[in-house]
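Trainee: can't give you the sequence, but here's the structure:
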């Protein structure tokens, strides 16, 4: 499926997380098997807010928190548009947690601090 990029080197450099997926389909299979939710991140390499989030994602506390979530990084410049349309991406960065059926559980947009992002991740 064109457009899904595995950009860990770009966004999660140094991460030891074992929940990274190239495609949403792969992440959803694991999420269903283990009854988990999935974290989706939509961004680009040129977006100032996305670059700020790159620093947030490198934070050790954030990495620890993300270890329990399967996640997919979607580069909006390379996506064929299917996911952008499905999840109505109109600005970036855009993050969401979806259930293992693909329904949005919670969502937010824009760059945020480490503490604010950790708080958002922890609210369910």
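Mentor: Looks like it came in fine. Everything numeric here is computed off the predicted structure, so don't read it as measured data.

Trainee: The closest residue to residue 35 other than its chain neighbours sits in which helix or strand?
Mentor: Leaving aside its sequence neighbours, residue 35 sits nearest to residue 100 (CB to CB, 6 or more residues apart in numbering; 6.9 Å). Any C-beta I mention is one placed from the backbone N, CA and C, and that applies to glycine too. Under the criterion DSSP states H and E, no helix or strand holds residue 100.

Trainee: and what of residue 25?
Mentor: helix 24-34.

Trainee: now the helix or strand that that helix is followed by, how far from the centre of its chain.
Mentor: On the C-terminal side of helix 24-34, the nearest following helix or strand under DSSP H and E is strand 38-43. Distance, stretch centre to chain centre, for strand 38-43: 2 Å (CA atoms, centre = their mean, to the nearest Å).

Trainee: hang on, the earlier thing: need the contact partners of the helix holding residue 25.
Mentor: Helix 24-34 has contacts (CB atoms under 8 Å, 6 or more residues apart in numbering) with 1, 4, 19, 21, 36-38, 40, 70-72, 83, 99-100, 102.
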